[in-house]
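A.B. asks: Mind looking at a prediction? Sequence and model below.
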Amino acid sequence: MNKNLFYISIFLVSALIFSCFFPGNNKIENEKKTILSTTVMIDSVLKQIVEDKFSLSVLIEGEIDPHSYQMKKGDVEKLERAELVFANGLSLEHNPSLLYHLKSKKAIFLGDELLKSSPDCIICANSEVDPHIWMDLELMQQVVDRICEKVVQLDEQNTEFYLRNASVLKEEMKSLDLKIKSIMEKVPEHKRYLVSSHDAFNYFVRRYFHQQNEERLFSMQGLSPEAEISLKRMSQVIDFIKEHKVEAIFYEPNLPKDAIWKVIEICKKFDVDVKISPDPLYGDTLGGMSYLEMMEHNATVISKNLRGTEIE
């Protein structure tokens, strides 16, 4: 055998053995750290803070209802890959298996931390803690601060970058908060009553309806849309519609409309004219929008239907 060919063969075999024992070494060094969010709402906020500094992933994606989420194949691997995990908390992620893995990863339960620091800002409905904090843009500014704080701890060298992005995002939230208040103020006070698929809008009503001491919201189901609507609940919804002359019921596209159609049918028998909104509200999902886009969409749809006219 040619001596040069022999040495080349030895080199190639050595390189092959080395690559087997140390695969993708450079790739591992350059790979971005992963941050996982349980919901699309948290992920949307996180994207604006970190941009491309981290690899981001979401556990409960698309139009899946987070209240009833069951862990699926690949979720454990997603959690294991994550350097940092953000969860909504306040019992939103209540599936035992999911909760076990989140606690094992020492996830940051954002709503639970709000409850500890500012208990008066968290709503309790029928002795249950309401997890839908994202429906209040003022509360979400506090969530931004907590997310930014944890991201900075993970990547201190880019502290100024994250703080700047968080500040810009909070200003956008403040601006939209004022805009939504203005949109809702166009609805006459006697028409500010909301009937929805499930109890996802308590924080929205408290923040933007400007009536603190009166029930302005009634839903087909409670805080979790998992249970079937009872006859008693249906009767209460109909009484609420009749009492406050509600003209529109709002649906969520990821939830069944059967109960809404049944209520409308019964209302017709009592000569109560109520319709279903032609446009959906998004309670637990984003409908393909960003978080801020979803909030403005909801405000526009609610105002338009309660007023019975298009937004000017």
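C.D. replies: Structure's in. What do you need?
A.B. asks: give the contact list for Arg192.
C.D. replies: With contact taken as C-beta atoms under 8 Å, 6 or more residues apart in numbering, Arg192 is in contact with Met184, Phe209, His210, Gln211, Arg216, Leu306. For glycine as for every other residue, the C-beta is placed from the backbone atoms N, C-alpha and C.
A.B. asks: Drop anything exposed from those residues.
C.D. replies: Buried members of those, scored by 16 or more other C-beta atoms under 10 Å, are Met184, Phe209, Arg216, Leu306.
A.B. asks: Quick check: which element contains the residue nearest the centre of the chain?
C.D. replies: Residue closest to the mean C-alpha point of the chain, counted by C-alpha atoms, centre = their mean, is Met41 at 3.2 Å. Secondary structure assignment for Met41, by DSSP states H and E: helix 40-50.
A.B. asks: Averaged pLDDT, that helix. What do you get?
C.D. replies: Averaged across helix 40-50, the pLDDT comes to 98.
A.B. asks: now for that helix, which elements pack on it?
C.D. replies: strand 34-37, strand 55-58, strand 82-87, helix 137-154, helix 159-185, helix 291-307 (3 or more C-beta pairs under 8 Å, 6 or more residues apart in numbering; DSSP states H and E).
A.B. asks: Turn the ones you listed into CSV, including mean pLDDT.
C.D. replies: Listed next are the helices and strands packed on helix 40-50 as CSV, based on pLDDT from 0 to 100:
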stretch, mean pLDDT
strand 34-37, 98
strand 55-58, 97
strand 82-87, 98
helix 137-154, 98
helix 159-185, 98
helix 291-307, 97
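A.B. asks: Reformat these as a markdown table; add distance to Val246.
C.D. replies: Output for those, formatted as a markdown table (distance: least, C-beta to C-beta, whole Å):
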| stretch | distance to Val246 |
| --- | --- |
| strand 34-37 | 35 |
| strand 55-58 | 35 |
| strand 82-87 | 35 |
| helix 137-154 | 25 |
| helix 159-185 | 16 |
| helix 291-307 | 9 |
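A.B. asks: ok so, going back, now the buried ones among the contacts of Arg192 as JSON lines including distance to Tyr251?
C.D. replies: Output for these, formatted as JSON lines (distance: C-beta to C-beta, whole Å):
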{"residue": "Met184", "distance to Tyr251": "20"}
{"residue": "Phe209", "distance to Tyr251": "19"}
{"residue": "Arg216", "distance to Tyr251": "18"}
{"residue": "Leu306", "distance to Tyr251": "15"}
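A.B. asks: residues of stretch 116-127 that come out buried?
C.D. replies: Those would be Ile122, Ile123, for stretch 116-127 by 16+ other C-beta under 10 Å.
A.B. asks: could I have it exported to CSV, CA atoms only?
C.D. replies: Presented in CSV, the C-alpha positions along stretch 116-127 are these (Å, rounded to 0.1, in the frame of the first residue of the first chain):
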residue,chain,number,x,y,z
LYS,A,116,-48.4,36.9,46.4
SER,A,117,-47.2,40.4,45.7
SER,A,118,-50.6,42.0,45.0
PRO,A,119,-53.4,39.7,46.2
ASP,A,120,-56.1,42.4,45.7
CYS,A,121,-55.5,42.5,41.9
ILE,A,122,-56.5,38.8,41.5
ILE,A,123,-60.2,38.0,41.0
CYS,A,124,-62.0,35.1,42.7
ALA,A,125,-65.2,34.0,41.1
ASN,A,126,-67.4,31.6,43.1
SER,A,127,-64.5,30.8,45.5
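A.B. asks: residues contacting the residue nearest to the centre of the chain?
C.D. replies: Asn88, Trp134, Leu286, Tyr291.
A.B. asks: Tell me the confidence at the second one?
C.D. replies: According to the prediction, Trp134 has pLDDT 98.
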